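>>> fold the following, please.
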Amino acid sequence: MIGQVTVLDNMEDTTNTYEQERRGKLEKLRALGVDPFGQKTVGVRPLAEIKALYKTEMGHDGGPVVKGAGRIMLKRDMGKLSFLTLRDEGGDLQVAIDRKRVDDRSWEIRSLIDLGDQIVVEGVLGVTNKGEITIWSKQVEMASKALLPPPAKWEGLADVEARYRHRYVDLWANPEVMRVMKLRIRIVDEIRKYMQSQGYTEVETPMMQLLHGGAAARPFVTHHNALDIPLYMRIAPELFLKRLLVGGFTKVFEINRNFRNEGISPRHNPEFTMIEAYEAFGSWETMADLVEGMICHVAQSVFGTLKIVHRRDAEGAERVINLERPWRRVRMTEIVEERTRWKFDKKQLQSPDAESELIRPLFLKRLVPDIASLSSLAEGYHEKLRPFSAHWIRFLQMTPAEQLVDVYEKLVEPELIDPTFVTHVPSVVIPLAKENADDPYFADVYELAINGQEISPGYTELNDPDVQKRHFRHQVGDEAEQQKVDEDFLTALKYGMPPAGGMGLGIDRLVMMLTGAESIRDVILFPLMRPH
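Here you go, the predicted structure:
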């Protein structure tokens, strides 16, 4: 601990030293009559736009006079000539400050700028002797003096925790981060355009609710002082969107923020974004068609391809996700048997022998990945087996429906790389979906898996208020996560909701899949972090 404190103290001392030096330059700028934090500036153009203006015939410095701004990422002083690399959200551009071309004030500013400062330059567009497009400055102005230095290269690229905590630095220190975040914005734009093109109306529903519903999840609880009532942060907008179908809307969607008081992992953040959509007189098939069309539209519009490439390791081995239509649709029981050879029996619990012996070694390999390298005599063997043993005991205590879902989620879903609609999930685990007419044990639903994780669930929605009430009262799973009986929603159903299809799609996970991100934190601007 003493050593750690010393390191932290040294880091703090270093930061303070840098800040003191920069504050000294800040005061010198003020003494020159320069505002270190700039003023309104008219005529500033994006650096990429300026760069695109250059034509070969402009030569060394025969281009137009342009005005650009950016953060200083590189500075090279060569006597009476300085080269700077400026960066804005669109990219980098070189700037030259030549003593012969600038006034005394601009030259003094040049001597007081540091890496990370933001400046405005006006000058002639041209190239250097090496052919690099450059603004030959005539005037330099401060936009913002950075009192803290930018991260060193290894810090900016490798210190993942620091990057997430200081995203405002990460965005300009790592161009790839800015690229992914802008791709996310484009993806959401294309989703919205597609939904509107299909005749859906975008709506907004409450984020604070009297009862949490629409999914099985643990909510965040808050309190409204004026009404003196507890409220729940939304875990899903489903029940309010269905109320709109009762009210007469026929096609609605919401791009919504949801909050679930659960674990954090590379695939889970307590605050996340989804799109949910509902169509009167639709079904799960309607929604599967909608989602398939939407994701293909987004991929083609944003990336220009339906073949999404993911890099998996340092050697560059690639995994290709093929989004070409049609996507496979298969019942959960069928794909579980296909992948594990375990034939599901809805009338009988699986015992430690018979069929369950087929999946026991698969569970072992999945839950304890390095089991093959272990010996029964090796140190730590029993500790490594403990997660498997505990899960196996829980598995044997589950209902047949829960066992089927558990086998699918643990052993099958992680292996589904290309898009697969897994349909007909046991109805007892999905209380808001309509039971299948031919076999009520299963619900008319799909779970869309891509790249080894669920991207979207879709339902033929339950609109019988009596059956819905029974489903609310007979749920399986963790009691704390079960949906509460929403009497107002049941009242709404009694007024009559048309048959409908509904779907949800996790936008964060969709962006992960399309961009190749390995963690959900890589596609969220400000992921939740534990305080220092």
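>>> CA atoms for contacts and neighbours, from now on please.
OK.
>>> distance of the nearest residue to residue 458 once chain neighbours are set aside from residue 416?
Nearest non-adjacent residue to residue 458, counting by C-alpha to C-alpha, 6 or more residues apart in numbering: residue 503, 4.1 Å away. Distance, residue 503 to residue 416, by C-alpha to C-alpha, to the nearest Å: 20 Å.
>>> ok, now residue 174?
Counting by C-alpha to C-alpha, the gap from residue 174 to residue 416 is 32 Å.
>>> now residue 395
In terms of C-alpha to C-alpha, residue 395 sits 22 Å off from residue 416.
>>> more neighbours: which of these two?
residue 395 (20 against 17; other C-alpha atoms under 10 Å).
>>> leaving out the residues flanking it, which one is nearest to that one?
Nearest one to residue 395, counting by C-alpha to C-alpha, 6+ apart, is residue 403 at 6.4 Å.
>>> ok, what's across the strand from the closest residue to residue 62 other than its chain neighbours?
Spatial nearest neighbour of residue 62, excluding adjacent residues (C-alpha to C-alpha, 6+ apart): residue 126 at 6.2 Å. Assessed by DSSP bridges, residue 126 has beta-bridge partners residue 134.
>>> is it true that residue 126 touches residue 66?
No. Using C-alpha atoms under 8 Å, residue 126 is not in contact with residue 66; the gap is 10.5 Å.
>>> now do the shared contacts for those two.
residue 135 (C-alpha atoms under 8 Å, 6 or more residues apart in numbering).
>>> the more surrounded of the two?
residue 126 (26 against 19).
>>> list the contacts for the more buried one?
Per C-alpha under 8 Å, 6+ apart, neighbours of residue 126: 54, 58, 59, 60, 61, 62, 63, 133, 134, 135, 136.
>>> how close does the residue nearest to residue 62 sit to residue 295?
In terms of C-alpha to C-alpha, residue 126 sits 43 Å off from residue 295.
>>> low-scoring stretches of the stretch 201-350 of the chain, by residue?
312-316, 348-350 (pLDDT under 70).
>>> any idea where the strands of it begin and end?
Under the criterion DSSP state E, counting those that start in this stretch, strands of the stretch 201-350 of the chain are mapped to 201-202, 208-209, 221-224, 229-233, 251-259, 271-280, 307-311, 318-322, 328-331.
>>> now distance to residue 337 and mean neighbour count too, for those strands, in TSV please.
Shown next, in TSV, are the strands of the stretch 201-350 of the chain (distance: least, C-alpha to C-alpha, whole Å; neighbours: other C-alpha atoms under 10 Å):
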stretch	distance to residue 337	mean neighbour count
strand 201-202	40	15
strand 208-209	41	18
strand 221-224	41	12
strand 229-233	39	16
strand 251-259	34	21
strand 271-280	31	22
strand 307-311	28	17
strand 318-322	23	15
strand 328-331	10	15
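>>> can you list contacts of stretch 214-224?
212, 229-239, 259-262, 432, 480-483.
>>> and the buried ones among those residues, selectable in PyMOL?
Under the burial definition 16 or more other C-alpha atoms under 10 Å, those of the contacts of stretch 214-224 that qualify are selected in PyMOL by:
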select buried, resi 212+231+232+233+234+235+236+237+238+239+259+260+261+432+481+482+483
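>>> among the contacts of stretch 214-224, which ones are in helices?
238, 239 (DSSP state H).
>>> adding distance to residue 80, write the strands of the stretch 201-350 of the chain out as JSON lines.
Converted to JSON lines, the strands of the stretch 201-350 of the chain look like this (distance: least, C-alpha to C-alpha, whole Å):
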{"stretch": "strand 201-202", "distance to residue 80": "59"}
{"stretch": "strand 208-209", "distance to residue 80": "62"}
{"stretch": "strand 221-224", "distance to residue 80": "62"}
{"stretch": "strand 229-233", "distance to residue 80": "60"}
{"stretch": "strand 251-259", "distance to residue 80": "54"}
{"stretch": "strand 271-280", "distance to residue 80": "52"}
{"stretch": "strand 307-311", "distance to residue 80": "46"}
{"stretch": "strand 318-322", "distance to residue 80": "49"}
{"stretch": "strand 328-331", "distance to residue 80": "66"}
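>>> do you know which of those lies nearest residue 27?
strand 271-280 (42.4 Å; C-alpha to C-alpha).
>>> direction included, what does the closest one pair against?
strand 251-259 (antiparallel), strand 500-506 (antiparallel).
>>> the last one - what's its average pLDDT?
In this case it means strand 500-506. Mean pLDDT, strand 500-506: 97.
>>> can I have that strand written out in CSV, keeping just the CAs?
Once non-C-alpha atoms are left out, strand 500-506 reads as follows in CSV (Å, rounded to 0.1, in the frame of the first residue of the first chain):
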residue,chain,number,x,y,z
ALA,A,500,-50.6,-7.4,-32.3
GLY,A,501,-46.9,-8.1,-32.8
GLY,A,502,-44.3,-6.5,-30.7
MET,A,503,-40.5,-6.5,-30.6
GLY,A,504,-37.6,-5.0,-28.8
LEU,A,505,-34.0,-4.6,-30.0
GLY,A,506,-31.0,-3.6,-28.0
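>>> okay, buried residues for it please.
So, applying 16+ other C-alpha under 10 Å, buried residues of strand 500-506: 500, 501, 502, 503, 504, 505, 506.
>>> what's it in contact with?
272-287, 455-461.
>>> over to the longest one?
Residues lying outside strand 251-259 but in contact with it, judged by C-alpha under 8 Å, 6+ apart, are 195, 199-205, 207, 219-220, 233-237, 241, 244-245, 270-280.
>>> would you turn the buried residues of strand 500-506 into CSV with distance to residue 322?
Converted to CSV, the buried residues of strand 500-506 look like this (distance: C-alpha to C-alpha, whole Å):
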residue, distance to residue 322
500, 30
501, 26
502, 25
503, 22
504, 21
505, 19
506, 19
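>>> which of the residues you listed sits closest to residue 420?
Scanning the buried residues of strand 500-506 for proximity to residue 420, where the rule is C-alpha to C-alpha, the winner is residue 505, at 14.2 Å.
>>> on the strand side of things, show who the closest one bridges to.
Going by DSSP bridges, residue 505 forms beta bridges with residue 275.
>>> residue 508 in helix, strand or coil?
helix (DSSP: H, G, I helix; E, B strand; the rest coil).
>>> from now on call the first residue 356
Yes, from this point I'll number from 356; that puts the last item at residue 863.
>>> residues near it, how many?
Neighbours around residue 863, by other C-alpha under 10 Å: 22.
>>> quick one: contacts for it?
By C-alpha under 8 Å, 6+ apart, the neighbours of residue 863 are 627, 628, 629, 875, 878, 879.
>>> give me that answer again for 10 Å
Applying C-alpha atoms under 10 Å, 6 or more residues apart in numbering to residue 863 gives the contacts 539, 622-624, 627-629, 810, 874-879.
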